[in-house]
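K.L.:
Sequence and computational prediction follow.
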Amino acid sequence: MTDKEGSASTSLQEQGDVSLQCPKLKESNYTQRAVMIETILKAYNLWEIVVSTEVINENKGHTTKAIIFQTLPEDVLMQVT
């Protein structure tokens, strides 16, 4: 998704006056994107879904996947679904 200013990022949700955004995954930004995704998921209390080996909450699992999938390019998304 491209925002008004032309940058390739996904606005995940507005939290007060702050819009939490994570860039689309590219070959050159894996580390930056990983840090952003972790921070955003922690802000929404969803990081436990990523690090847990148990199914904690199915709804939280779907929300977490949706947030991550929004930041993947189409070709990569089709490989992980």
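P.N.:
Yes, it's here. In this text, all values refer to a predicted model and were calculated from it rather than measured experimentally. Residues are numbered from 1 along each chain as shown.

K.L.:
Can you report how many residues neighbour residue 67?
P.N.:
20 (other Cβ atoms under 10 Å). C-betas here are computed from N, CA, C, even on glycine.

K.L.:
Report the buried residues of the helix or strand containing it.
P.N.:
Following DSSP states H and E, one finds residue 67 within helix 58-70. Using 16 or more other Cβ atoms under 10 Å as the test for burial, helix 58-70 gives 60, 64, 67-68.

K.L.:
Show me what the helix or strand where residue 49 lies is in contact with.
P.N.:
In this structure, residue 49 sits in helix 47-51 according to DSSP H and E. When contacts are defined by Cβ atoms under 8 Å, 6 or more residues apart in numbering, helix 47-51 is touched by residues 38, 41, 56-57, 60-61, 64.

K.L.:
mind running it again at 10 Å?
P.N.:
The contact list for helix 47-51, computed with Cβ atoms under 10 Å, 6 or more residues apart in numbering, reads 37-42, 54-58, 60-65, 67-68.

K.L.:
picking that back up, for the buried residues of helix 58-70, give me CSV that also has distance to residue 27 and pLDDT.
P.N.:
Shown next, in CSV, are the buried residues of helix 58-70 (distance: Cβ to Cβ, whole Å; pLDDT from 0 to 100):
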residue, distance to residue 27, pLDDT
60, 30, 93
64, 24, 93
67, 21, 92
68, 18, 93
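
K.L.:
Can you pull out the low-pLDDT segments for the protein?
P.N.:
Confidence mapping of the chain against pLDDT under 70 gives the ranges 1-18.

K.L.:
On the three-state scheme, residue 21 is what?
P.N.:
Three-state call for residue 21 (DSSP: H, G, I helix; E, B strand; the rest coil): strand.

K.L.:
Does it touch residue 36 like I think?
P.N.:
Yes. Using Cβ atoms under 10 Å, residue 21 makes contact with residue 36 at a distance of 7.9 Å.

K.L.:
and residue 51, how many residues sit next to it?
P.N.:
By the criterion of other Cβ under 10 Å, residue 51 has 8 neighbours.

K.L.:
Return the set of buried residues in stretch 31-51.
P.N.:
So, applying 16+ other Cβ under 10 Å, buried residues of stretch 31-51: 33, 36-37, 40-41, 46-47, 49.

K.L.:
Right, I'll leave it there.
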